[in-house]
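J.: 3D, please:
(3 chains)
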Amino acid sequence: MIGALLLLAVAATLAAGTLLAAWLDRRLAGGGGIASLAADWLAGPVRTEAPDDMNRRLAPAWYLALAAAGLCVVPFAPGHAAIDSPAGIAIWGACEALTVVVVFLHGWSPNAPFPLIGAYRYAAIGLPAMLPSMFVLIAAALPAESLSLVAIVDSQRGAWNVLRQPLGLPLFAVAILSLTLRGPMDYADGADIAGGTSAEEAGPARALWQAARLAMLVSACAMAATLFLGGPLGPVLPGPVWLWLKTAGMMAAILALGARIARPPPARMLGLVWTVLLPLSFLHLLISGVIAL
Amino acid sequence: MTDLVIAALCLFAVWTGWRVFRVDSMVRASFSLMLSFVAVGAVGVVLSAPYIGIATIFMMAVEMMVMAIFMVMFMMNPAGLNPMVMVHQHRVAAVAGGLAFAGLAAAVLAADPPAARVATGTDTVAALGHELLGPSMLIFETAGVTLLATMVGAVILSSRRGRFGPADDGSRPPGLEPGGPPAGRQPEGGGGHHHHH
Amino acid sequence: MTLTIVLLGAAALIGIGLYGALSQQSFVMLMMGLELMLNGALLAAIGLWSLALGGMPEGQLLAIVVMAVMAVEMAVGFALVVAIYRKRQADMTESIGTLAG
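T.: Purely as a prediction, here's the structure:
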């Protein structure tokens, strides 16, 4: 019974969150919004020469599925998650890693130049950009002494992780930008390569891909709220409401942030990720470990 | 029921593993291998090893992405959407593979292993953690040192900077007398494929 | 019964991996064959640990060791491929019939 309710909550959160994200995207980041999703849906498809049809059709669905799987491990009330796995945080890590693969396949499958360039650029930047977020996840598990997200939420009853692990949220924000192909980390679908992995795409596939990006934003922000802002913890209001409020706040912050930071050239970003972000994440792990002791 | 799920996952792992050597495209091959690993990881999750299973999935997702990048670097047909075959000693390899499978399968069918399942309710993730980072930490330390040595070795091997200049210029040692031919033994001939760019 | 299925699957993976490692000309494909054999080893280790050995803690470590081996194999393998390519513009096994030079 409660399991069905939680699954329903995941589906509803993903659907409502995607719509909210589209609206916020239009208000805060100059994105297309809901109307452009609908317009994309109604357009006709684009054909390319000798594409890999299976992956081309499946990539948006995989992206959406990864967003849903990631949201399934998020506790909606203290002690309750749709998938309450003892390795919940590793499941989210797997979703992050597979996202890079899905974005690459999305760009590779049309067999056309711009999407392929987007796919290679994203593989080069998205992979190392994911590494700091792995250390952030490990650090978040330290005070809870568990890989279960339910335990991580419980460990934040005294103080939220955002206070105990000051570097965590900024580092995770970079991972969110990279996972959702946004702002400074948008090396896959950037306007400088005519839309990158989505350059040769129109119709329902394009609408679904854009919706999946927004859905991934919802999941990643819910995960950030769970890891650093206490998730469903909070006074008076019931747990799910707190989670929704925090997630919406994170979404607005990420969208505003993404729209305000310029995107450096890929080579410079690659250097930045390996020589600044990765050492920072080691430092973060050290600080979190010392504080957790 | 569990049997059915596991049989389906094993079949999927074997089928995708077979596809690795049957598809034309390098990218398809590496992601086919990834699917094989994902299926094995899922078997791990079903067989009450959630951390091992999920760790397999995320590690292999990263590894196969790297694999795909290297394929693109080294193959003459990067996007790989055109057919091609690159095999040698095909018959020998097929016989060896078949024999390995037959031998191992015979051993599996002939053996009578104990039948002690994991007790329900065991926290296998915590058990793994205690075993890995418990009093001795032997495996953790060994793996850590091995991986460190690997990293150093891999960086040195793949570095462009050779002992006598850039590796792709041959990294020739200086001559014994000024302006003379490079010292040391000369490699005979190049590798072969000079023209696939 | 479950264990037999798992082990037969592992045997098949090892057989296919061996075929691949012996038959492929490209270094990268050859490494995929090795990876597939390690995949079979991983499957067998998980199956035996879970279904035959009653989940003794040391069993999971074997799986961790297999994963470490895969990581080492990938890193060293690709480093060697890069080194050989820089030296000889070769990415096929036939091109390095001799180890000298």
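J.: what about the closest residue in space to residue A:164 that isn't next to it in sequence, which helix or strand?
T.: Distance criterion CB to CB, 6 or more residues apart in numbering or on different chains; nearest residue to residue A:164, sequence neighbours excluded, is residue A:291 at 5.3 Å. (Glycine included, C-beta is placed from N, CA and C.) In the assignment (DSSP states H and E), residue A:291 maps to helix A:278-292.
J.: please point out which parts of that helix sit buried.
T.: Neighbour-count burial for helix A:278-292 flags A:278, A:280-281, A:284-285, A:287-288 (criterion: 16 or more other CB atoms under 10 Å in any protein chain shown).
J.: what of stretch A:158-178?
T.: Buried residues in stretch A:158-178, counting neighbours by 16+ other CB under 10 Å, are found at A:160-162, A:164-165, A:167-169, A:171-178.
J.: centre of the chain to that stretch, how far?
T.: In terms of CA atoms, centre = their mean, to the nearest Å, the centre of stretch A:158-178 is found 14 Å from the chain centre.
J.: walk me through the domains of chain B.
T.: Per automatic domain parsing, the structural domains of chain B span B:1-74, B:125-171.
J.: so the residue nearest the centre of chain B versus chain C, what's the distance?
T.: Centroid-nearest residue in chain B, with CA atoms, centre = their mean: residue B:63, separated by 7.9 Å. Residue B:63 is 6 Å from chain C, where distance means CB to the nearest CB, to the nearest Å.
J.: name the helices or strands packed onto the helix or strand hosting that residue?
T.: For residue B:63, the element it lies in under DSSP H and E is helix B:50-74. Under the contact criterion of 3 or more CB pairs under 8 Å, 6 or more residues apart in numbering or on different chains; DSSP states H and E, helix B:50-74 touches helix A:88-108, helix A:113-144, helix B:26-46, helix B:124-133, helix C:27-51, helix C:57-88.
J.: can you redo these as a markdown table with distance to residue B:172, mean neighbour count and mean pLDDT?
T.: Below are the helices and strands packed on helix B:50-74 laid out as a markdown table (distance: least, CB to CB, whole Å; neighbours: other CB atoms under 10 Å in any protein chain shown; pLDDT from 0 to 100):
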| stretch | distance to residue B:172 | mean neighbour count | mean pLDDT |
| --- | --- | --- | --- |
| helix A:88-108 | 39 | 26 | 91 |
| helix A:113-144 | 32 | 22 | 88 |
| helix B:26-46 | 33 | 25 | 89 |
| helix B:124-133 | 48 | 18 | 83 |
| helix C:27-51 | 25 | 24 | 89 |
| helix C:57-88 | 11 | 19 | 84 |
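J.: wait, what's in contact with the closest residue to residue B:5 other than its chain neighbours?
T.: Spatial nearest neighbour of residue B:5, excluding adjacent residues (CB to CB, 6+ apart): residue B:46 at 5.9 Å. With contact set as CB atoms under 8 Å, 6 or more residues apart in numbering or on different chains, residue B:46 has these partners: B:2, B:5-6, B:9, B:53.
J.: please repeat the previous calculation with a cut-off of 7 Å.
T.: Neighbour list for residue B:46: B:2, B:5-6 [criterion: CB atoms under 7 Å, 6 or more residues apart in numbering or on different chains].
J.: cool, residue A:170 as well?
T.: Listed by CB under 7 Å, 6+ apart, residue A:170 has no contact partners.
J.: what's the pLDDT at it?
T.: Model confidence at residue A:170, given as pLDDT, is 91.
J.: need phi/psi at whatever residue of the stretch 51-200 of chain A ends up closest to chain C.
T.: Nearest residue of the stretch 51-200 of chain A to chain C, counting by CB to the nearest CB: residue A:87, 12.0 Å away. Main-chain torsions, residue A:87, degrees, to the nearest 10: phi -120, psi 40.
J.: tell me the spacing between it and residue B:152.
T.: 31 Å (CB to CB, to the nearest Å).
J.: those two - which one has more neighbours?
T.: Comparing residue A:87 with residue B:152 by other CB atoms under 10 Å in any protein chain shown, the one with more neighbours is residue A:87, at 26 against 10.
J.: next up, the contacts around that one.
T.: Residue A:87 makes contact with A:147, B:50-51, B:54, B:125, according to CB under 7 Å, 6+ apart.
J.: which among the contacts of residue B:46 end up buried?
T.: Buried residues within the contacts of residue B:46, defined by neighbour count using 16+ other CB under 10 Å: residue B:6.
J.: still on that earlier bit, among the contacts of residue A:87, the buried ones, what's the PyMOL command?
T.: Buried residues within the contacts of residue A:87, by 16+ other CB under 10 Å, are selected in PyMOL with:
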select buried, (chain A and resi 147) or (chain B and resi 50+51+54+125)
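J.: ok, of the contacts of residue A:87, which one's closest to chain C?
T.: Of the contacts of residue A:87, the one sitting nearest to chain C (CB to the nearest CB) turns out to be residue B:51, at 7.9 Å.
J.: related to what we said a few turns ago, residue contacts, the residue nearest to the centre of chain B?
T.: residue C:74.
J.: do residue B:50 as well
T.: Residues near residue B:50 by CB under 7 Å, 6+ apart: A:85-87, B:125.
J.: pLDDT score for it?
T.: For residue B:50, the model assigns a pLDDT of 85.
J.: now it: how far from residue C:47?
T.: Separation of residue B:50 from residue C:47 (CB to CB) stands at 15 Å.
J.: burial count for the residue lying closest to residue C:44 once chain neighbours are set aside?
T.: Leaving aside its chain neighbours, residue C:44 sits nearest to residue C:10 (3.8 Å; criterion: CB to CB, 6+ apart). Using other CB under 10 Å, residue C:10 has 29 neighbouring residues.
J.: for residue C:10, report the pLDDT, please.
T.: 93.
J.: what separates the one residue in chain C that gets nearest to chain A from residue C:67, distance-wise?
T.: Closest to chain A within chain C is residue C:60: 12.0 Å, counting by CB to the nearest CB. According to CB to CB, residue C:60 stands 11 Å off from residue C:67.
J.: repeat that for residue B:86.
T.: Taken as CB to CB, the span from residue B:86 to residue C:67 is 28 Å.
J.: and whichever helix or strand residue B:6 is part of with helix B:26-46, angle?
T.: In this structure, residue B:6 is located in helix B:2-20 according to DSSP H and E. If you take axes from the mean of the first three to the mean of the last three CA atoms, to 10 degrees, helix B:2-20 sits at 160 degrees to helix B:26-46.
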